[in-house]
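Chemist: Build me a model:
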Amino acid sequence: MRARACDMAALLWAQVIWRKGGLVNAARASTMRSVRLLLALLATLSLAAGCGRPAAPPAAAEPLVRLDVIYVPSEMAVVTAMLEGVGVGPSDVVYDLGCGDGRIVVTAAARYGARGVGVDIDPERIAEAKANAVKAGVADRVTFLVQDLFVTDVSPATVVALYLGSEVNLRLRPKLLSDLRPGTRVVSHRFDMGDWTPLRTIDVPLEDGPRRVFFWRIPG
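Modeler: Below is the predicted model of the structure:
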């Protein structure tokens, strides 16, 4: 609409100049008052259309965070079962891929003396995780990264914790088998790894039903 109005204003200007041989001739052929009215009309049309002003740039779209799974935190009873099930201790480096609010690595550091790294693609979750680490007094023992877990360097891990989903676990499995050192323990809340048979499973009793936890070890 703006471009069309600008074109109309320009056309009117051209007609005045062409028909009367310029603004001077138009003034001679008519009264000065008529010319002023015509000029005012054209100026108003031009200003209303925004002619001569650069178009405002379109507002930048906010980047969207693509989440592979919906964030649902593990119950603390499940967190305890996961960490104790793999025997986490002070010598361990626990990676939580899809860490959410950071409760697994924060608990590993605060209760068992381990070091931890939490990875999540959602900056809001990472901000929450960092705040929880500060509250627990373990901010110097844990690190949180806003990162795609499929590109994370997991090689330093001695324990990898997961609460993702069946499809994501299957996509992640080749990376775990290729990047982790032999003997690294892998624990998953609720979801298995397809035909990679777990060493064992446990069921954690909760009021609304048990939660299954799976345990593996990277072969060497």
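Chemist: who does R217 bridge with?
Modeler: Residues in a beta bridge with R217, per DSSP bridges, are R185.
Chemist: I'd say it and R181 touch.
Modeler: No. Counting by C-beta atoms under 8 Å, no contact exists between R217 and R181, whose distance comes to 10.8 Å. Any C-beta I mention is one placed from the backbone N, CA and C, and that applies to glycine too.
Chemist: got the residue ranges for the helices in the chain?
Modeler: In the chain, the helices defined using DSSP state H lie at 2-20, 23-29, 32-49, 76-85, 103-112, 123-136, 166-179.
Chemist: Worst mean pLDDT among the ones you listed?
Modeler: The minimum mean pLDDT among those belongs to helix 23-29 (a mean of 39).
Chemist: Which pLDDT value goes with the residue lying closest to V105 once chain neighbours are set aside?
Modeler: Leaving aside its sequence neighbours, V105 sits nearest to G116 (C-beta to C-beta, 6 or more residues apart in numbering; 2.9 Å). Looking at G116, its pLDDT stands at 98.
Chemist: For G116, give me its contacts.
Modeler: Applying C-beta atoms under 8 Å, 6 or more residues apart in numbering to G116 gives the contacts 93-96, 104-106, 108-109, 141-143.
Chemist: Kindly recompute the last result at 7 Å.
Modeler: The neighbourhood of G116, defined by C-beta atoms under 7 Å, 6 or more residues apart in numbering, consists of 94, 96, 105, 108-109, 141-142.
Chemist: got the domain boundaries for the protein?
Modeler: Following automatic domain parsing, the chain resolves into domains at 2-49, 76-217.
Chemist: if you compare those domains, which one is most tucked away?
Modeler: Each of the domains of the chain was scored by mean neighbour count; the highest is domain 76-217, a mean of 18, by mean count of other C-beta atoms under 10 Å.
Chemist: Tabulate the domains of the chain in CSV, adding columns for distance to V69.
Modeler: Written out in CSV, the entries for these read as follows (distance: least, C-beta to C-beta, whole Å):
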stretch, distance to V69
domain 2-49, 45
domain 76-217, 5
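Chemist: Minimum distance to I70: which of these has it?
Modeler: Comparing the domains of the chain against I70 with C-beta to C-beta, the closest turns out to be domain 76-217 (8.8 Å).
Chemist: what's the first-to-last distance across the closest one?
Modeler: The straight-line separation of the ends of domain 76-217 (C-alpha to C-alpha, to the nearest Å) is 23 Å.
Chemist: Could you give the number of residues near P73?
Modeler: P73 is flanked by 16 other residues according to other C-beta atoms under 10 Å.
Chemist: so it sits right up against R103, yeah?
Modeler: Yes. At 6.3 Å, P73 counts as touching R103 under the criterion of C-beta atoms under 7 Å.
Chemist: give me phi/psi at G183?
Modeler: Dihedral angles of G183 (phi, psi; degrees, to the nearest 10) stand at phi 90, psi -10.
Chemist: I'd like the distance between it and Y71.
Modeler: Noted for G183: a distance of 30 Å to Y71, by C-beta to C-beta, to the nearest Å.
Chemist: same thing with K135?
Modeler: As it turns out, when the distance is counted by C-beta to C-beta, K135 lies 19 Å from Y71.
Chemist: what's the answer for R115, then?
Modeler: For R115, the distance to Y71 (C-beta to C-beta) stands at 24 Å.
Chemist: Could you do G89 as well?
Modeler: When distance is defined by C-beta to C-beta, G89 is 28 Å away from Y71.
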